[in-house]
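In: All I have is the shape, not the residue letters:
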């Protein structure tokens, strides 16, 4: 990273438009956070809409005793006939009585709870005292008026940082929720380089949360953790800036940044990374046969867009036409933007109708967008990749680099396999035309 | 506050979206925060729609709250009208926008739009999705339908089908055929497929077919009062109900009943001897009120099932479902809490559940087969093939759908015949999975009685009885165990012998 020849998109002006934003709110993060933190319960204080969103985003219904739920506000809560704090106490007590396995409870704020200024911090403090030491109660907001999709994870992790135990010991924290299998791969790579005392935020269980202090260093594995970054720095920990570990190159640069800091020799680094890196490059090459020379257009969704555009353009031979992101964190994205070749429009925020006009004009070979837009664009003859799968699927580090490329290649391969349709592309579904 | 883990119904503005998305030339301007756009994917993914729902959201954020959300709403409405050129718009608020009290209806009225603007008042903290569909359709009809001359030939409007409905697409085709057989044409189908201009000419029909009371009963009543159109009360799901529906239509129109039942197979299929095993199967029926009532009648009169329990999730239908339950000597489960429903099913131990996707999951957990009869819908409820619920073909589809999850009658007999066969036992594994067959290991004789189920803790099993129980096919063993324990504990029998087992079997036997 030290001697990069280009400045890439570092100075590219950003197109900012305001209008309808076709994005999820931060509550959606609960879907993967509750899988990651195995003894946590997420209690949304919100409306029927919040409950419906969670259910719909979770692929309709996963069922099995869910570790998330919604305390639905009713007319009497809004009219002030019921004391909301007492109501929360009652629901939490009932919930914890039924679920003795729960060690961490998150009270999650929503649009309605924010608008009526329901003080969930106060509730969390009171309930923490009441249920300590068995259960720790924290709060954060996943509301749509404050957060977009992955920002929910950022808000959740940032809420956890102030209560992490203090330490003077040196140590490394990997920050961001990864599937367990991927996290284990990352820890194994670091251990082989001799980097030990590595912990993860979030940890799988409440008792395993990392300790933090002035001798702690941390690396982010997800690009959407700006508030968590601030919170960690406030506790004195030092950030290791790097591109994000997507693709063979991204993973190598991310590991290299840590290795440099820990004085890992070039020989050791090469020995540890050579084999998995070669596997990753080979797997990516298979997908590149499909992706090479193709163009891609990103609608804003998860803040993963810039690192993914970097991966697709530098490792898979694609050209980016537009890279939209819901929020552009300049500092966190600096290493990524430096790598991304000039050319694409960078856009932040959204006016979905105007952006659809641009996407239709561009007719990229692949359009990366949310589920609300994918089928309508397919019906217009455009190949799409649903963005949400990029968040729900293991895609980080060497062993998943081929899978990541494959997620983008599959829609194109599928179109090539299927016999061409004569118009109309989709059967007439009644109405809304 | 009420804790909810899974919900049967969304908020009322999703109901309004179901109406808007079903229609053509109508646009919904929705005051809602960023994030509420998730609802689009219900339509584009579950129903596989090839167009975005015709909804423009204001998607306000926290910073807008301090500024001017009213202007944001007005701009959104103006932009939507300019871009999509609808014939009419409906305007309203989602739950969060309701709290900031911007009055979308009032704001839209000040814009001087040259198309009808229909304000919706959908109280998000009191009502749900079903209310949203019914109220939205009522407001659209009230604002747009005008008295007009009746069509020369006898025609009907089909009202109630919406986007994301359970088989609404195919029910329309089937009901259209039923009416055509009687020489009756269709004037307008609404909301599905109707434009605001179509709504305006609904008054030309001689009567309304109320397909789904959940979504159009208020509109049906309004049209009866204001346009003088009677509406049908019988929902034609099942053979008997379809016949009653045709009789009702004959009564309304003065036409004789004419029906082409050449494609109807359910009555013969259910009389065919292989269906004998269906006799008296205990079923639990749950869903929206309309589909539940229809399913109960089919279950009893056309399938020969015993209805063990019923209920519905929509409170609007609580009264008729309670009355229906009472007539069967049952108590209805009226609840939108799936834990209540699960509890009822676990207690009743039916042999089949006729429910929604939620009950399908409950059934999976409890090991009870389930057929889906009602919304809320899942992508599986939008099959590529023609699969109505209404009319003659609907009856055929229902027979197949309900029988499918059950073990077939002949299979049942064969399982009994081979129940203690050395190659055919539950530890052997399935032959088609290519796994190694494992022969049954003879168990060591034991004199230690086994522990009973926790809930029958005062009863124990003697070893010979336990051994006999294991000879019963695995898929009915749990029921045999429960029945025997219940029988024993009711009679104060502390230890279950082989004799008790067979006494219990005789006790629970049915003719």
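Out: Ah, there it is. Being a predicted model, the structure only gives us computed values, none of them experimental.
In: Residues of the stretch 101-250 of chain B that sit close to chain A?
Out: Contacts of the stretch 101-250 of chain B with chain A, taken as Cβ under 8 Å from any Cβ of the partner chain, map to B:123-126, B:128, B:163, B:169, B:191-194. All C-beta atoms are positioned from the backbone trio N, CA, C, and that covers glycine.
In: Now do the helix or strand hosting residue A:233: everything it contacts.
Out: Using DSSP states H and E, residue A:233 maps to helix A:226-234. The contact list for helix A:226-234 (Cβ atoms under 8 Å, 6 or more residues apart in numbering or on different chains) reads A:151, A:154-155, A:157-158, A:161-162, A:173, A:175, A:201, A:212, A:216, A:218, A:220, A:239, A:327, A:329, A:331-332.
In: Now it: buried residues?
Out: By neighbour count with 16 or more other Cβ atoms under 10 Å in any protein chain shown, helix A:226-234 contains the buried residues A:226-229, A:231-232.
In: can I see the domain layout of chain B?
Out: Listed domain ranges for chain B are B:12-129, B:145-253, B:273-406, B:412-437+B:446-508 (source: automatic domain parsing).
In: Take these and lay them out in a markdown table including mean pLDDT and mean neighbour count.
Out: What follows is these, written out as a markdown table (pLDDT from 0 to 100; neighbours: other Cβ atoms under 10 Å in any protein chain shown):
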| stretch | mean pLDDT | mean neighbour count |
| --- | --- | --- |
| domain B:12-129 | 95 | 22 |
| domain B:145-253 | 98 | 21 |
| domain B:273-406 | 95 | 20 |
| domain B:412-437+B:446-508 | 70 | 14 |
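In: check contacts around residue 286.
Out: Since you didn't name a chain, this refers to chain A. By Cβ under 8 Å, 6+ apart, the contact set of residue A:286 is A:402, A:405-406.
In: wrong one, chain B
Out: Counting by Cβ under 8 Å, 6+ apart, residue B:286 touches B:292, B:310-313, B:333, B:341, B:353-356, B:359, B:374.
In: before we move on, what about residue B:135?
Out: Contacts of residue B:135 by Cβ under 8 Å, 6+ apart are B:12, B:15-16, B:120-122, B:127, B:218.
In: downstream neighbour of the host helix or strand of it in the secondary structure list?
Out: Residue B:135 is part of helix B:129-144, with elements assigned from DSSP H and E. Next along the chain after helix B:129-144, taking DSSP H and E as the criterion, comes strand B:155-159.
In: May I have the secondary structure class of residue A:107?
Out: strand (DSSP: H, G, I helix; E, B strand; the rest coil).
In: For residue A:45, see how far away it is.
Out: With distances taken as Cβ to Cβ, to the nearest Å, residue A:107 is found 6 Å from residue A:45.
In: Using the three-state scheme, assign residue B:29.
Out: Classification of residue B:29 using three-state DSSP returns strand.
In: Is it in contact with residue B:76, as I believe?
Out: Yes - applying Cβ atoms under 8 Å as the test, residue B:29 and residue B:76 come out as touching, 5.9 Å apart.
In: hey, what's in contact with both of those two?
Out: Common neighbours of residue B:29 and residue B:76 (Cβ under 8 Å, 6+ apart) are B:56, B:58.
In: Wasn't residue B:64 part of a strand?
Out: No - counting by three-state DSSP, residue B:64 is not found in a strand; it is helix.
In: That one and residue B:73 touch, don't they?
Out: No - at 10.2 Å, residue B:64 and residue B:73 do not qualify as touching, with contact defined as Cβ under 8 Å.
In: quick revisit: ranking the contacts of residue A:286 by neighbours, who comes first?
Out: Greatest neighbour count in these, by other Cβ atoms under 10 Å in any protein chain shown, goes to residue A:405: 28 neighbours.
In: Show me which of the buried residues of helix A:226-234 is closest to chain B.
Out: residue A:227 (14.3 Å; Cβ to the nearest Cβ).
In: Outline the domain layout of chain A.
Out: Split by automatic domain parsing, chain A gives A:14-21+A:279-417, A:26-147, A:171-261.
In: Would you mind putting these into JSON lines with mean pLDDT alongside?
Out: Compiled in JSON lines, the domains of chain A are given as follows (pLDDT from 0 to 100):
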{"stretch": "domain A:14-21+A:279-417", "mean pLDDT": "96"}
{"stretch": "domain A:26-147", "mean pLDDT": "91"}
{"stretch": "domain A:171-261", "mean pLDDT": "97"}
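In: could you dump these to a markdown table with distance to residue B:200?
Out: A markdown table is the format used below for the domains of chain A (distance: least, Cβ to Cβ, whole Å):
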| stretch | distance to residue B:200 |
| --- | --- |
| domain A:14-21+A:279-417 | 28 |
| domain A:26-147 | 32 |
| domain A:171-261 | 49 |
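In: Which of these sits closest to residue B:461?
Out: Nearest to residue B:461, of all those, is domain A:26-147, at 29.9 Å by Cβ to Cβ.
In: any idea how far residue B:166 is from residue B:9?
Out: Counting by Cβ to Cβ, the separation of residue B:166 from residue B:9 is 13 Å.
In: Find residues that contact each of the two.
Out: Common contacts of residue B:166 and residue B:9, defined by Cβ under 8 Å, 6+ apart, are absent altogether.
In: Could you count how many residues lie near residue A:152?
Out: 30.
In: show me what contacts it?
Out: Listed by Cβ under 8 Å, 6+ apart, the contact partners of residue A:152 are A:25-30, A:33, A:140, A:142.
In: State the next helix or strand along the chain beyond the helix or strand hosting it.
Out: Take DSSP H and E as the rule and residue A:152 turns out to sit in helix A:151-160. Using DSSP H and E, the helix or strand that follows helix A:151-160 towards the C-terminus is strand A:171-175.
In: Show me which of the contacts of residue A:152 is closest to chain B.
Out: Within the contacts of residue A:152, the smallest distance to chain B is 2.6 Å, found for residue A:25 (Cβ to the nearest Cβ).
In: Distance of residue A:373 relative to residue B:123?
Out: Taking Cβ to Cβ as the measure, residue A:373 falls 31 Å from residue B:123.
In: for the stretch 51-200 of chain B, what spans make up the strands?
Out: Assigned by DSSP state E, counting those that start in this stretch, the stretch 51-200 of chain B shows strands spanning B:55-57, B:88-93, B:117-119, B:155-159, B:185-190.
In: Okay, now the sheet partners of the third one, with direction.
Out: Same thing as strand B:117-119. Using DSSP bridges, the strands paired with strand B:117-119 are strand B:88-93 (parallel).
In: ok, which stretches of the stretch 151-300 of chain A are strands?
Out: A:171-175, A:198-201, A:216-220, A:238-239, A:295-298.
In: Out of those, which is the most enclosed?
Out: strand A:295-298 (a mean of 25; mean count of other Cβ atoms under 10 Å in any protein chain shown).
In: Which residues outside it are in contact with it?
Out: A:305, A:308-309, A:312, A:318-325, A:358-359, A:362, A:364-369, A:408.
In: Relative to that strand, what are the paired strands and their orientations?
Out: Sheet pairing of strand A:295-298 (DSSP bridges) gives strand A:319-325 (parallel), strand A:366-369 (parallel).
In: Next secondary structure after that strand?
Out: In the C-terminal direction, the helix or strand that comes right after strand A:295-298 (DSSP H and E) is helix A:305-315.
In: any idea how far residue B:234 is from chain A?
Out: Computed as Cβ to the nearest Cβ, to the nearest Å, the residue B:234 to chain A distance reads 24 Å.
In: Oops, could you answer that again for residue B:406 instead?
Out: Note on residue B:406: its distance to chain A, by Cβ to the nearest Cβ, is 22 Å.
In: In a strand, that residue, correct?
Out: No - with three-state DSSP as the criterion, residue B:406 is coil rather than part of a strand.
In: what about it, distance to residue B:278?
Out: Look at residue B:406 and residue B:278: by Cβ to Cβ, they are 8 Å apart.
In: For the stretch 251-400 of chain A, what lies in contact range of chain B?
Out: Going by Cβ under 8 Å from any Cβ, the residues of the stretch 251-400 of chain A near chain B are A:353, A:370-376, A:378-379.
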